[in-house]
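Visitor: Next come a sequence and a model predicted from it.
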Amino acid sequence: MKAFVTGGAGFIGSHIVDRLIERGDEVVVYDNMSTGIEDFVSHHFKNPRFKFIQADILDSKKLTKEIKGMEIVFHLAAHADVRSGFIDHKIDLEQNLLGTINVLEAMHNNNVKKIAFASTSSVYGDATVIPTPEDYPFSPTSLYGSSKASAETYISTFCEYYDMTAYIFRFVSWVGERYTHGLVFDFLNKLKKDPTTLHILGDGTQKKSYLYVKDGVNAIFTIIEKAKEKMNIYNLGNDEIINVADSAKVILDEAKYNNVKLIYGEGDKGWIGDNKYVLLDTKKLQLLGWKASKSTREGLRITTRYLLNNQEVIEKRNNKLTNNI
């Protein structure tokens, strides 16, 4: 298979690249490196079945040229900082929706018929049905969630127009090796600056589930191999839930920080647009034979150990954040 991976040098994308290469596929990574890290894919640079292109999906001419001859697109490239959409109202529109439209146009112009798309649990917003199934209506509380929901509808329409096949993955937060964004990263960054105190957004009661990256990749390839519809929409998550306060305690324990004072914010959300209770119904995915191997707590511990043992990843990610301000 000839696979084109947008955002392929990122946390999730690079693990998908590894799996594709292991399978014997030909892989083209297309990444603007705004958050991607070269070390995550550099071990493939000498492989004749691997090609790396540093470019942006908003460059439609370049994208259309490079996608030629591909059989499937794994579309991972996105702006994933949910909080920043409250200040910058264009970034989710441009990077997530318009970027996805560019990918779809490039696929159509090159007769590429399959797309695997990284969506999000944020499309459900503050769902009133817990665990939340795939048929729950869109109700996003952030522009990030809105942009992903809109991208899903564009993908659905292109599938109808041009006989494409789509695999839509609605994720909870992922954890594991190469993790560079989110709760564990933020907590360890704060603790490095002040090991005596940890400030937590919200009152700590927000409940989340986390999916270990290798379990998530297994789910993606299970769906691609076994799902047979034109539009294949699946939740990817973990059956275990944990609140933010307990997550902090797991991370502190694994990192061996003692006597840390936890200071909580106000309200039951971390920020405007946050969702206070995220637990997805994964029965549809489990019917395909998939099951998570790591619990939410195990995933948090693995991630903590990885970041502590790979300080250069934190430094490179912090440098990118500084340079993008």
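Guide: Thanks, I have it.
Visitor: Could you pull out the helices in the stretch 1-150 of the chain for me?
Guide: Secondary structure of the stretch 1-150 of the chain (DSSP state H, counting those that start in this stretch): helices at 11-23, 60-66, 91-92, 99-109, 143-162.
Visitor: any idea of the mean pLDDT for the last one?
Guide: Predicted confidence along helix 143-162 averages 98 (mean pLDDT).
Visitor: Turn the helices of the stretch 1-150 of the chain into CSV, columns for mean neighbour count and distance to His181.
Guide: No exception for glycine: its C-beta is placed from N, CA and C like everyone else's. Output for the helices of the stretch 1-150 of the chain, formatted as CSV (neighbours: other C-beta atoms under 10 Å; distance: least, C-beta to C-beta, whole Å):
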stretch, mean neighbour count, distance to His181
helix 11-23, 21, 7
helix 60-66, 17, 24
helix 91-92, 22, 15
helix 99-109, 21, 18
helix 143-162, 20, 12
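Visitor: To Phe187, which of those helices lies closest?
Guide: Of all these, it is helix 11-23 that lies closest to Phe187, at 16.6 Å by C-beta to C-beta.
Visitor: Ends of stretch 24-39, what's the gap?
Guide: 21 Å (C-alpha to C-alpha, to the nearest Å).
Visitor: That stretch: which residues count as buried?
Guide: Asp25, Glu26, Val27, Val28, Val29, Tyr30, Asp31, Asn32, Thr35, Gly36, Ile37 (16 or more other C-beta atoms under 10 Å).
Visitor: Can you give me the distance of Ala219 to Trp290?
Guide: 5 Å (C-beta to C-beta, to the nearest Å).
Visitor: who's more crowded, those two?
Guide: Higher neighbour count among Ala219 and Trp290: Ala219, with 24 against 20, using other C-beta atoms under 10 Å.
Visitor: show me the contacts for Ala166.
Guide: Counting by C-beta atoms under 8 Å, 6 or more residues apart in numbering, Ala166 touches Lys114, Ile115, Ala116, Phe117, Ile155, Ser156, Cys159, Lys230, Met231, Asn232.
Visitor: one step back: go through the buried residues of stretch 24-39 and say which is closest to Ile87.
Guide: Thr35 (18.0 Å).
Visitor: got the buried residues for stretch 285-299?
Guide: Buried residues in stretch 285-299 (16+ other C-beta under 10 Å): Leu285, Trp290, Ala292, Lys294, Ser295, Thr296, Arg297, Glu298, Gly299.
Visitor: Go through those and flag which are in helices.
Guide: Leu285, Thr296, Arg297, Glu298, Gly299 (DSSP state H).
Visitor: Nearest residue to the second one in space, please, no chain neighbours.
Guide: The one in question is Thr296. Distances taken as C-beta to C-beta, 6 or more residues apart in numbering place Glu240 nearest to Thr296, at 4.2 Å, with adjacent residues excluded.
Visitor: Tell me the predicted confidence for that neighbour.
Guide: 93.
Visitor: For it, give its distance to Ser209.
Guide: Glu240 is 6 Å from Ser209, by C-beta to C-beta.
Visitor: Now list whatever residues contact both of those two.
Guide: Counting by C-beta under 8 Å, 6+ apart, the shared contacts of Glu240 and Ser209 are Thr296.
Visitor: So for these two, which sits in the more crowded spot?
Guide: Neighbour totals were compared for Glu240 and Ser209, and Ser209 leads with 23 against 15 (other C-beta under 10 Å).
Visitor: For that one, report the pLDDT, please.
Guide: 95.
Visitor: Next up, the contacts around it.
Guide: Val172, Ser173, Gly237, Asn238, Asp239, Glu240, Ile241, Ile242, Val278, Leu279, Leu280, Thr296.
Visitor: Do I have it right that the last one meets Val184?
Guide: So the one you mean is Thr296. No: Thr296 lies out of contact with Val184 (C-beta atoms under 8 Å); the separation is 11.7 Å.
Visitor: contacting residues around the worst-scoring helix or strand of the chain on mean pLDDT?
Guide: None of the helices or strands of the chain scores lower by mean pLDDT, DSSP states H and E than helix 311-323, at a mean of 78. By C-beta under 8 Å, 6+ apart, the residues outside helix 311-323 that reach it are 34-35, 37, 39, 178, 180-181, 185, 188-189, 192, 306-307.
Visitor: got any ranges where the stretch 201-325 of the chain has weak pLDDT?
Guide: Scanning the stretch 201-325 of the chain for pLDDT under 70 picks out the ranges 321-325.
Visitor: Tell me the one of the ones in helices among the buried residues of stretch 285-299 nearest Ala80?
Guide: Nearest to Ala80 among these is Gly299, at 17.6 Å by C-beta to C-beta.
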